[in-house]
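> Turn this into a model:
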Amino acid sequence: MTQEKEVNFIDLNGNVTITILLNDNFKNEVNNLLKTYEGQNEDYIKLVYNNIVLNSKYIFCIDNDFIIHDNIDIIQVITSYKKYVYLKKHNNEYILNKEYRIDLYYKLLYNIEYKNDYYSYVINTNYYDIVLAVVDNYSCALEHVSDNMKDNYDFVLAAVYEDGYALKYASDNMKNNYDIVMAAIKDDDHILYYTTENIKDNYSNALAIVHEDANALQYASDNMKDNYNIVLAAVKNNGCVLQYASENMKDNYDIVLAAVKNDANALQYASDNMKDNYNIVLAAIHGDVSALQYASRNMKNNYNILTAVKNDVCALKHASDNNET
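Take a look at the predicted model:
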């Protein structure tokens, strides 16, 4: 049985970067190698054999007219910048090559604020400065940058200041950074969802975050949702976040009282025990008589409670049937 020949892919230093068997699947394997350079990175590779670039027409696959010979043994690998390919001349000016519009690096270049000489700016500006320039105009640039930039404190901080949602695309390291998370949550109260379990379960972090935005309680860890101080701080800020608290906290007198004092409608999220508590229900209807609808049947039939709402016809509709005339 004839042994399949190996083709070595060699970089400019003479190091073998990969070896691919020369068989019927050779072209597919090479194309898979080229496609690994799709995405946020600014680099791609040129494959050269006998001074012929294999991927000259489209950088992520071998040219269809390239003939694969049996005597191929070495292919040169040259790393280059996508920006040299993604810009093409049209009517005496350089524009972005739309053939690459689905690539994330193209999207990054697309969102650069145009300078007097766009081509010169892109070609002569390093990747880091391009990324920083883009984030000022396009906060979700974080989605289109390299993994290294997604882990860059200054860049991620600038991105989340523009749009808290950008945290979704940051590295796990940055999602675990208190300053980054606090900057993001000021812009988007749902952003805690994208942070790490460490942030969600850290008492100091959670307390600071719910002080900033009570709605973040919904994304806190179960442990924090059952923490008295965390939940109390949250419901004092927004009573209706009681719905995100643990069952234990929903049955805590002080927690529920603070919640209904902030928003009478929070009564609907209290435990059955608290809905049957005279002081809790009284505090709720003092805030909004319509909260009576969430009270227990016993409280809807309570003389003092009914006296408190007697002048409100709508509230009386929620009273017990025993009090209908």
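
> Residue 249 - nearest residue in space that isn't next to it in sequence?
Nearest non-adjacent residue to residue 249, counting by Cβ to Cβ, 6 or more residues apart in numbering: residue 231, 4.6 Å away. For the C-beta atoms, the positions are set from N, CA and C on the backbone; glycine is no exception.

> Doesn't the one you found lie inside a helix?
Yes. When classified by DSSP: H, G, I helix; E, B strand; the rest coil, residue 231 is found to be part of a helix.

> my guess is it meets residue 251, correct?
No. Using Cβ atoms under 8 Å, residue 231 is not in contact with residue 251; the gap is 11.6 Å.

> okay, those two: which has more neighbours?
residue 231 (30 against 16; other Cβ atoms under 10 Å).

> Please report the distance of the more buried one from residue 255.
In this view, residue 231 and residue 255 are 6 Å apart by Cβ to Cβ, to the nearest Å.

> tell me, what's touching the two both at once?
Common contacts of residue 231 and residue 255, defined by Cβ atoms under 8 Å, 6 or more residues apart in numbering, comprise 242, 245, 249.

> Spit out the contact partners of the first one.
If I follow you right, that is residue 242. Neighbouring residues of residue 242 by Cβ under 8 Å, 6+ apart: 231, 235, 249-250, 255-256, 259, 266, 269-270.

> sec struct for it, please.
Applying three-state DSSP: residue 242 is helix.

> still on that earlier bit, for the residue nearest to residue 249, list the residues it contacts.
Going by Cβ under 8 Å, 6+ apart, residue 231 touches 217, 225, 242, 245-246, 249, 252, 255.

> Show the residue spans covered by the helices in the stretch 101-250 of the chain.
For the stretch 101-250 of the chain, applying DSSP state H, counting those that start in this stretch gives helices covering 104-110, 118-124, 127-135, 147-150, 153-162, 172-175, 178-185, 197-200, 203-212, 222-225, 228-237, 247-250.

> can you redo these as TSV with mean pLDDT and distance to residue 191?
Formatted as TSV, the helices of the stretch 101-250 of the chain follow (pLDDT from 0 to 100; distance: least, Cβ to Cβ, whole Å):
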stretch	mean pLDDT	distance to residue 191
helix 104-110	89	22
helix 118-124	88	32
helix 127-135	86	17
helix 147-150	90	16
helix 153-162	89	8
helix 172-175	94	9
helix 178-185	87	4
helix 197-200	88	10
helix 203-212	87	9
helix 222-225	96	16
helix 228-237	97	16
helix 247-250	98	23
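
> contacts for stretch 89-101?
By Cβ under 8 Å, 6+ apart, stretch 89-101 touches 58-59, 82, 85-88, 106-107, 109-110, 118-119.

> Go through stretch 215-224 and flag the buried ones.
Under the neighbour-count criterion of 16 or more other Cβ atoms under 10 Å, stretch 215-224 has 215-221, 224 buried.

> Mind telling me the two of those residues farthest from one another?
215 and 221 (15.7 Å; Cβ to Cβ).

> Any stretches of the stretch 201-325 of the chain with poor pLDDT?
310-325 (pLDDT under 70).

> How far does stretch 35-48 stretch from one end to the other?
End-to-end distance for stretch 35-48, by Cα to Cα, to the nearest Å: 16 Å.
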